[in-house]
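Asker: How does the following fold in three dimensions:
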Amino acid sequence: MVIGAFVLMFIAFDKVGWYEGLQEQYKEAIPILTVPNTTCHLPRSDAFHIFRDPVTGDLPWPGLLFGLTVLATWVWCADQVIVQRSLSAKNLSHAKGGSVLGGYLKVLPMFFIVMPGMISRALYPNEVGCVDPIECQRICGATVGCSNIAYPKLVVELMPVGMRGLMIAVMMAALMSSLTSIFNSSSTLFTMDIWQRVRPQASEPELMVVGRVFILVMVVLSILWIPIIQSANSGQLFDYIQAITSYLAPPITAVFIMAIFWRRVNEQGAFWGLIVGLAVGLVQMVLVFVYGTPSCGEMDIRPAFIRDVHYLYFALILLALTGLVITAVSLCTPAIPEHHLHRLTWWTRHSKEPRIDFDDPWTTKPRTPPTTPDPSVGEEAAVEDRPCWKRTGMWLCGMSGPEKKELTLEEKHALELKLTSIEEEPIWRNVCNANALILLTINIFLWGYFA
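Answerer: Down below sits the predicted model:
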């Protein structure tokens with residue numbers, strides 16, 4: 001994907017006369033069909049600047065600087081998709097190295113995706129930059145705009161025949177990879193945090209089947225949600241993703257940051273902070289979808305708190321509100337004893353004291369012993385005795401072989417100590433830290449250059 005995007009970037013820049021040519025042609029990328037007495041067909045004058053007006057900018061600089069930091073903290077520190085990968089690392093250096101590598105790759109879309117998208121607008125203003133609702137509906141099936149077709153349009157029009165097919169295949173594979181990551185993480189959350197608490201006696205095969213059924217439900221809901229995505233946020237997929245995250249992620253970010261750095265936060269504060277924050281965010285999200293985004297030339301009848309409050313500003317407001325709730329409830333309820341916090345906060349991460357875990361009423365429920373042997377447990381002979389349809393179903397669910405041997409308590413304890421250790425070899429710790437500083441320097445330079 002990176003190689004194909006690299007090739008497309010050079011072809012596209014050569015087509016418009018490189019960066020200087022893009023600056024000139026983008027200003028003139030006006031579609032033939034426009035809406036009278038409007039300016040929505042004109043390219044933004046601040047299109048080549050990251051820091052934009054805090055009031056009239058489509059991405060106001062305070063929101064971009066601080067609001068996106070809230071969302072990024074959630075993605076890289078608390079999003080299940082990233083957390084699962086970090087927790088699967090062999091050790092802390094591997095986890096840090098993976099995050100740093102991801103950070104390096106995150107620099108590339110500015111040149112591989114954003115600027116080629118602007119080139120697509122400059123080369124095909126009538127399609128990518130359409131503003132007439134009827135024309136946009138004909139071109140891309142959405143009345144609010146067709147900016148989402150910018151990159152695919154560039155691939156189809158500019159790439160040579162062999163590379164074109166390769167790029168389309170790679171784009172679809174990347175999309176499938178992202179979707180499977182999200183579905184897998186959602187399935188994990190549902191089976192471990194909901195289903196296992198409803199049915200504490202659930203076996204591993206049952207959890208596996210429930211997780212796959214939940215993925216099917218998620219796929220159906222995702223397909224039904226597509227029309228809403230097409231009409232939201234002026235049809236711009238990037239804005240839609242950031243807006244949804246702004247309504248739902250700040251409470252999680254607040255809980256994560258406060259729980260890590262402030263020992264006084266307790267379960268009640270975290271719980272009510274999440275409940276209040278997510279409720280407010282969901283209300284805002286529903287209202288935004290109900291009112292929708294007006295097309296070019298339509299009167300904007302949305303309330304001021306929707307029309308004038310940018311979603312990145314709302315993320316900051318929601319973060320502050322959640323933080324206040326967490327603080328108030330935590331201070332009004334008993335603090336967590338110190339012996340429960342060893343290695344769970346930033347200040348106690350190197351503690352060697354034994355940690356006493358909370359008694360979880362869900363996990364301490366007595367399990368009912370089975371009256372008959374479980375047919376799913378046994379050697380390969382027991383597997384072969386199952387009916388053909390059952391073996392096929394188990395194979396489709398990834399459970400065709402015998403179950404793994406249970407570990408003893410000593411083995412589990414030794415494995416847990418190894419997996420939770422944050423000790424690092426000095427050489428790899430220094431390599432990861434040095435690369436993190438280099439990456440930070442590169443990003444500060446790019447922010448300053450394009451500011």
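Asker: for the record, mean pLDDT for stretch 255-267?
Answerer: Stretch 255-267 carries an average pLDDT of 92.
Asker: typo on my end, stretch 441-451
Answerer: 90.
Asker: Now I257: closest residue in space that isn't a chain neighbour?
Answerer: T73 (6.9 Å; Cβ to Cβ, 6 or more residues apart in numbering). Where C-beta positions appear, they are placed from N, C-alpha and C, glycine not excepted.
Asker: Tell me the buried residues in the biggest helix by length in the chain?
Answerer: Across the chain, the longest stretch assigned as helix under DSSP state H is helix 161-190. Using 16 or more other Cβ atoms under 10 Å as the test for burial, helix 161-190 gives 163-164, 166-167, 170-171, 182-183, 185-188, 190.
Asker: so what does the helix or strand that it is followed by touch, helix or strand wise?
Answerer: Sequence order places helix 196-198 as the next helix or strand after helix 161-190, per DSSP states H and E. Packing contacts for helix 196-198, counted by 3 or more Cβ pairs under 8 Å, 6 or more residues apart in numbering; DSSP states H and E, involve no helix or strand.
Asker: Could you pull up the mean pLDDT of helix 196-198?
Answerer: On average, helix 196-198 scores 84.
Asker: in it, what counts as buried?
Answerer: Neighbour-count burial for helix 196-198 [16+ other Cβ under 10 Å]: Q196.
Asker: Tell me how far that helix lies from the chain's centre.
Answerer: 26 Å (Cα atoms, centre = their mean, to the nearest Å).
Asker: Which stretches in the stretch 151-300 of the chain count as helices?
Answerer: 161-190, 196-198, 204-231, 237-248, 250-261, 267-291 (DSSP state H, counting those that start in this stretch).
Asker: hey, which of those helices is tucked in deepest?
Answerer: helix 250-261 (a mean of 21; mean count of other Cβ atoms under 10 Å).
Asker: hmm, back to that, same list, the helices of the stretch 151-300 of the chain, but as JSON lines with distance to L417 please.
Answerer: Listed next are these as JSON lines, based on distance: least, Cβ to Cβ, whole Å:
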{"stretch": "helix 161-190", "distance to L417": "23"}
{"stretch": "helix 196-198", "distance to L417": "24"}
{"stretch": "helix 204-231", "distance to L417": "24"}
{"stretch": "helix 237-248", "distance to L417": "35"}
{"stretch": "helix 250-261", "distance to L417": "22"}
{"stretch": "helix 267-291", "distance to L417": "26"}
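Asker: Determine which of these approaches C40 most closely.
Answerer: helix 237-248 (14.8 Å; Cβ to Cβ).
Asker: where does the stretch 101-250 of the chain dip in pLDDT?
Answerer: Counting by pLDDT under 70, the stretch 101-250 of the chain has low-confidence residues at 230-235.
Asker: returning to what we had before: between the buried residues of helix 161-190, which is closest to R302?
Answerer: Distances from R302 to the buried residues of helix 161-190, taken by Cβ to Cβ, are shortest for I182, at 29.6 Å.
Asker: contacting residues for the nearest residue to L318 once chain neighbours are set aside?
Answerer: Spatial nearest neighbour of L318, chain neighbours left out: P250 (4.1 Å); criterion: Cβ to Cβ, 6+ apart. Residues near P250 by Cβ atoms under 8 Å, 6 or more residues apart in numbering: V70, L71, W74, G277, G281, A315, L316, L318, L319, T322.
Asker: circling back: tell me which of the helices of the stretch 151-300 of the chain approaches L344 most closely.
Answerer: helix 250-261 (8.1 Å).
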